[in-house]
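>>> Got a sequence here, can you model it:
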Amino acid sequence: MKKVIVIKNLCKSYGKVKAVNDISFDVMEGEIFAFIGPNGAGKSTTIRTLLGLIKADKGEVRVMGLPFKKSKTYLKDIGYLPSEAIFYNNMRVGEVITYSAKLRGVDCTDEARRLCEIFEVDTKKRVDQLSLGNRKKLGIICAMQHKPKLYIMDEPTSGLDPLMQKEFFKLIHSRQQEGATVFLSSHVLSEVQNNCDKAAIIKEGKIVAVDSIEQLAKRNSAKKVTLRGVTDLPYGIEYTPDSEGEDWISFFYNGEIKKLISQLGRMKITDLTITEPDLEEVFMHYYK
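Have a look, this model is predicted:
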């Protein structure tokens, strides 16, 4: 497979703040690749660099085999959705969609009509009459109507109701089957788990993990333990606290199960569960 996105040793600072600090990863053709991390981690800076909107201080960026300085060439094959799409308020939805297509010099009439039906968008409404969710739908349609080779989407499902989120990912998977590549950022870790092939986790401007979703989950071998009827954790074992309630405590344990059971046998507990952590809990481990 070809590398659609290549980022090597990318650095970008704003004054004394290092927004992106020597990050590297690749996105292969046909992947749905998630770029995740807390607010301020460097996701938007990386995306803007890919789009040629800002210039890196150091490092290499290549999109579809072309370097940063050729961004005007590869932008025609990208469908970009910012986290907050801004349109002219006095324009009607249909006019915005048509205007977007004309900027690319492409007739997208049939595909735009189909997307409007899928997302239940009223093309006669003015932009200033749209809810946050409908503005997001309009942004998705503008990003997808020309069927690009690469989608770069920043928080694409924020503001969408669950039904529209489902329709969005159904559409994304169909585009993937047609050969497109998808690079998206998201705070909704369940949708990353259910829909993405691979992920890069960024924290404080640095990449802390890059791997398939399956392998990321396997990296953390800790078990999640939940005890009921207790107010204190077992003594003499190493653990990572998770959460607690009035009569229950949850923690992650990475040691020998026999040692844990031995300690628990000395405690007065009413219930015990030991499970594998889900993917969201694994990601939270990296965040912390």
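>>> was I right about V225 contacting W248?
No - if you go by CB atoms under 8 Å, V225 and W248 don't touch, sitting 10.8 Å apart. Every residue, glycine included, has its C-beta placed from N, CA and C.
>>> Among the two, which residue is more densely surrounded?
V225 (22 against 17; other CB atoms under 10 Å).
>>> for the stretch 151-288 of the chain, what spans make up the strands?
For the stretch 151-288 of the chain, applying DSSP state E, counting those that start in this stretch gives strands covering 181-185, 198-203, 206-212, 223-228, 239-244, 248-253, 271-275.
>>> Tabulate those strands (JSON lines), appending mean pLDDT and distance to G79.
Listed next are the strands of the stretch 151-288 of the chain as JSON lines, based on pLDDT from 0 to 100; distance: least, CB to CB, whole Å:
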{"stretch": "strand 181-185", "mean pLDDT": "96", "distance to G79": "9"}
{"stretch": "strand 198-203", "mean pLDDT": "93", "distance to G79": "19"}
{"stretch": "strand 206-212", "mean pLDDT": "92", "distance to G79": "23"}
{"stretch": "strand 223-228", "mean pLDDT": "83", "distance to G79": "38"}
{"stretch": "strand 239-244", "mean pLDDT": "71", "distance to G79": "39"}
{"stretch": "strand 248-253", "mean pLDDT": "80", "distance to G79": "39"}
{"stretch": "strand 271-275", "mean pLDDT": "84", "distance to G79": "39"}
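>>> what's the closest of the ones you listed to P148?
strand 181-185 (9.4 Å; CB to CB).
>>> now the angle from the closest one to strand 198-203?
Angle of strand 181-185 versus strand 198-203, following axes from the mean of the first three to the mean of the last three CA atoms, to 10 degrees, is 30 degrees.
>>> Packing partners of the top helix by length along the chain?
Longest helix in the chain by number of residues, with DSSP state H as the criterion: helix 162-177. Applying 3 or more CB pairs under 8 Å, 6 or more residues apart in numbering; DSSP states H and E, one finds that helix 162-177 contacts strand 32-36, helix 109-118, helix 132-144, strand 181-185, helix 189-195.
>>> Among the ones you listed, single out whichever gets nearest to E256.
Of all the helices and strands packed on helix 162-177, helix 189-195 sits nearest to E256, with 28.6 Å by CB to CB.
>>> Next, report how far the closest one is displaced from the centre of its chain.
9 Å (CA atoms, centre = their mean, to the nearest Å).
>>> list the buried ones in it?
189, 191-193, 195 (16 or more other CB atoms under 10 Å).
>>> Let me see the mean pLDDT of that helix.
Averaged across helix 189-195, pLDDT comes to 88.
>>> quick revisit: any chance of the strands of the stretch 151-288 of the chain in TSV, with distance to Q263 too?
As requested, the strands of the stretch 151-288 of the chain are arranged in TSV below (distance: least, CB to CB, whole Å):
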stretch	distance to Q263
strand 181-185	41
strand 198-203	32
strand 206-212	31
strand 223-228	11
strand 239-244	10
strand 248-253	10
strand 271-275	12
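>>> List just the one of these that sits closest to L10.
strand 206-212 (9.6 Å).
>>> Would you mind pulling up the elements that that closest one packs against?
Against strand 206-212 (3+ CB pairs under 8 Å, 6+ apart) you get strand 17-28, strand 198-203, helix 213-219.
>>> Deepest-packed of these, please.
strand 198-203 (a mean of 22; mean count of other CB atoms under 10 Å).
>>> contacting residues around that strand?
23, 25, 27-28, 31-38, 41-43, 46, 192, 207-213, 216, 283, 286-287 (CB atoms under 8 Å, 6 or more residues apart in numbering).
>>> who's in contact with E29?
Counting by CB under 8 Å, 6+ apart, E29 touches 1-4, 179, 181.
>>> Give me the buried subset of those.
The neighbour-count test (16+ other CB under 10 Å) marks 4, 181 as buried among the contacts of E29.
>>> Identify the farthest-apart pair in the contacts of E29.
K3 and G179 (14.7 Å).
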